[in-house]
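In: pasting a predicted model and its sequence here:
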2 protein chains.
Amino acid sequence: MNTAKPGIAILGGTGDLGAGLVYRLAKTGYRVCIGSRTIEKAQRVAKELLEKVPDGLIQCAANPDAAAAADLVIMTVPFASHVVTIESVWQQVQGKIFVDTTVPLVPPKVMRVQLPDGGSAAKLAQQMLGEDVRVVSAFHNIAASHLYDDHIDESAGDVLVCGNNPAAREAVIELAEDMGMTAWHAGAIDNSTVPEALTSILIFLNKKYGFEGAGMQITGKKKT
Amino acid sequence: MNTAKPGIAILGGTGDLGAGLVYRLAKTGYRVCIGSRTIEKAQRVAKELLEKVPDGLIQCAANPDAAAAADLVIMTVPFASHVVTIESVWQQVQGKIFVDTTVPLVPPKVMRVQLPDGGSAAKLAQQMLGEDVRVVSAFHNIAASHLYDDHIDESAGDVLVCGNNPAAREAVIELAEDMGMTAWHAGAIDNSTVPEALTSILIFLNKKYGFEGAGMQITGKKKT
């Protein structure tokens, strides 16, 4: 057990992205707590994941308890549960880094960008949680299937990391890189509009071109 | 002269992106008309570009005249001139494909996403021009400097092409590919939010990481 790594809660850790992150983080040596509204569901997912990562440090708890015990909290819930989940852990995440992965999809037209008022779910989270919580947005554009790859390669795409606190962004970038991803500082929390909205285009590309988990990679030449 | 290729007007063709597209299109064999508010400026830019492409078919005109003579119209003006330029060519672009490249940057905070009401400049253009104009959004994320490369390589990034008319999107994709770019159908005009907002992040990346013209490339594995 590597006690140097932060303990991480994945709120909504029973969904596709959440469970994928639990798997990947546990495989990378992090202590992970699956947060859920229904503890039975979390226990079932934990059991399944522990079969894939037998030495993984995976626990379960209700969302507020998971958040309370964690150093860093990652929220992976559907957009419809965004506000209610934030309200349920408001107290437990004060002073912490809170990673919002929420994609504001509005079914049934999930291939069409339909942003919430204010332009971004993560910006709303920052407003709700207040300045003592360092909200960082990340992991919107990584298809869950890539998280189970032996080696996360370029086809998974890069992670854009937005947030008003550069040190908190850096912590999330290190977490992503530790899992084998390429991640970039992408500016203030307002910029989370881009990875949130991009997901609709990636779903469109998957359908139109037959991709399995399309992603986005940053390109460019370094100045010489 | 290849009369099979459509004649193209570049409104605001004296700016960085506009002049770059004029150069690239002329080099690729298209008849191009530089549209501008001041004909003298257009003539000066045309002269400069003709030194680089001596056999290029480059003309100049006021924006409405350029639009009237063209088969396909590309608008490359600053966001502050977006509405007034659309109004000035409203009549001349009816029935045509109108490519909006506008990035809604709001100086001085150009590295921060600040979307217009409605979420997208191109969506606004479609609303203003009406359903007889096939508005397509494209070319937001290609740095002008890449347009002068001998060969546009992967470092330039891909072009996301949004619009409500798939055939019009396809025509713009063919144009982009003819110039040597990689371009993708990216869904309805509402999705233009993504390439428009992404530009702020690319400017951030250029500054933070020392890129010269950062861009974005689509990744993914094809389904087997």
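Out: Right, received. Where do you want to start? Numbering: from 1, shown residues only, chains lettered A, B, ... in the order given.

In: can you name the residues in contact with the longest strand anywhere in chain A?
Out: Looking across chain A with DSSP state E, the single longest strand is strand A:211-222. Outside strand A:211-222, the residues that touch it by CB atoms under 8 Å, 6 or more residues apart in numbering or on different chains are A:141-146, A:154-158, A:160, A:182, A:184, A:198, A:202, A:205-206, B:154-157, B:205-206, B:209-223. C-beta: built from backbone N, CA, C; applies to glycine.

In: run the last query once more with 6 Å
Out: The contact list for strand A:211-222 (CB atoms under 6 Å, 6 or more residues apart in numbering or on different chains) reads A:141, A:143, A:145-146, A:156-158, A:184, A:202, A:205-206, B:154-155, B:157, B:210-217, B:219-221, B:223.

In: where is the longest helix in chain A?
Out: helix A:193-209 (DSSP state H).

In: quick one: buried residues of that one?
Out: A:193-206, A:208 (16 or more other CB atoms under 10 Å in any protein chain shown).

In: just the strands from chain A, written as ranges.
Out: Using DSSP E, strands in chain A cover A:8-11, A:31-36, A:57-62, A:72-75, A:97-100, A:134-137, A:159-163, A:183-185, A:211-222.

In: worst mean pLDDT among these?
Out: Mean pLDDT across the strands of chain A is lowest at strand A:211-222; the value there is a mean of 92.

In: adjacent strands (with direction) for the helix or strand of chain A with the lowest mean pLDDT?
Out: Lowest on mean pLDDT, DSSP states H and E among the helices and strands of chain A sits strand A:211-222, with a mean of 92. The pairing partners recorded for strand A:211-222 under DSSP bridges are strand B:211-222 (antiparallel).

In: with just CA atoms, put the partner strand into PDB.
Out: C-alpha atoms of strand B:211-222 as PDB (Å, rounded to 0.1, in the frame of the first residue of the first chain):
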ATOM      1  CA  PHE B 211       3.200  25.900 -29.000                       C
ATOM      2  CA  GLU B 212       3.200  27.600 -32.400                       C
ATOM      3  CA  GLY B 213      -0.400  27.200 -33.500                       C
ATOM      4  CA  ALA B 214      -1.800  24.400 -31.300                       C
ATOM      5  CA  GLY B 215      -4.600  22.400 -32.800                       C
ATOM      6  CA  MET B 216      -6.900  19.500 -32.200                       C
ATOM      7  CA  GLN B 217      -7.000  16.100 -33.800                       C
ATOM      8  CA  ILE B 218      -9.700  13.400 -33.600                       C
ATOM      9  CA  THR B 219      -8.500  10.000 -32.300                       C
ATOM     10  CA  GLY B 220     -10.200   6.700 -32.000                       C
ATOM     11  CA  LYS B 221     -10.300   3.100 -33.000                       C
ATOM     12  CA  LYS B 222     -12.600   2.000 -35.800                       C
END
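
In: low-confidence ranges, chain A, go.
Out: For chain A, the stretches flagged by pLDDT under 70 are A:1-3.

In: roughly how far apart are the most centrally placed residue in it and A:Ala156?
Out: Among the residues of chain A, the one closest to the centroid is A:Thr101, at 3.9 Å (CA atoms, centre = their mean). Taking CB to CB, to the nearest Å as the measure, A:Thr101 falls 15 Å from A:Ala156.

In: what about A:Gln91, neighbour count?
Out: Using other CB atoms under 10 Å in any protein chain shown, A:Gln91 has 10 neighbouring residues.

In: ok, it to chain B distance?
Out: As defined by CB to the nearest CB, to the nearest Å, A:Gln91 lies at a distance of 30 Å from chain B.

In: again, but for A:Ala197
Out: Distance, A:Ala197 to chain B, by CB to the nearest CB: 5 Å.

In: wait, isn't that residue in contact with B:Ser192?
Out: No. Using CB atoms under 6 Å, A:Ala197 is not in contact with B:Ser192, being 9.7 Å away.

In: got the buried residues for stretch A:38-51?
Out: By 16+ other CB under 10 Å, the buried positions in stretch A:38-51 come out as A:42, A:45-46, A:49.

In: check stretch A:18-38 too.
Out: By neighbour count on 16+ other CB under 10 Å, the buried set for stretch A:18-38 is A:18-28, A:30-37.

In: spell out which parts of chain A neighbour chain B.
Out: By CB under 6 Å from any CB of the partner chain, the residues of chain A that approach chain B are A:111-113, A:115, A:119, A:154-155, A:157, A:185-188, A:190-191, A:193-194, A:197-198, A:201, A:204, A:208, A:210-217, A:219-223.

In: burial measure for A:Ala80, as a count.
Out: Counted with other CB under 10 Å, A:Ala80 comes out at 12.

In: need the contact list for it.
Out: Shown in contact with A:Ala80 (CB under 6 Å, 6+ apart): no residues.

In: what distance do you get for the closest residue to A:Thr101 other than its chain neighbours to chain B?
Out: What sits nearest to A:Thr101 in space, not counting adjacent residues and going by CB to CB, 6 or more residues apart in numbering or on different chains, is A:Phe139, at 4.5 Å. A:Phe139 is 15 Å from chain B, where distance means CB to the nearest CB.

In: A:Gly180 too?
Out: According to CB to the nearest CB, A:Gly180 and chain B sit 15 Å apart.

In: so who does that residue touch?
Out: By CB under 6 Å, 6+ apart, the contact list for A:Gly180 reads A:Ile152.
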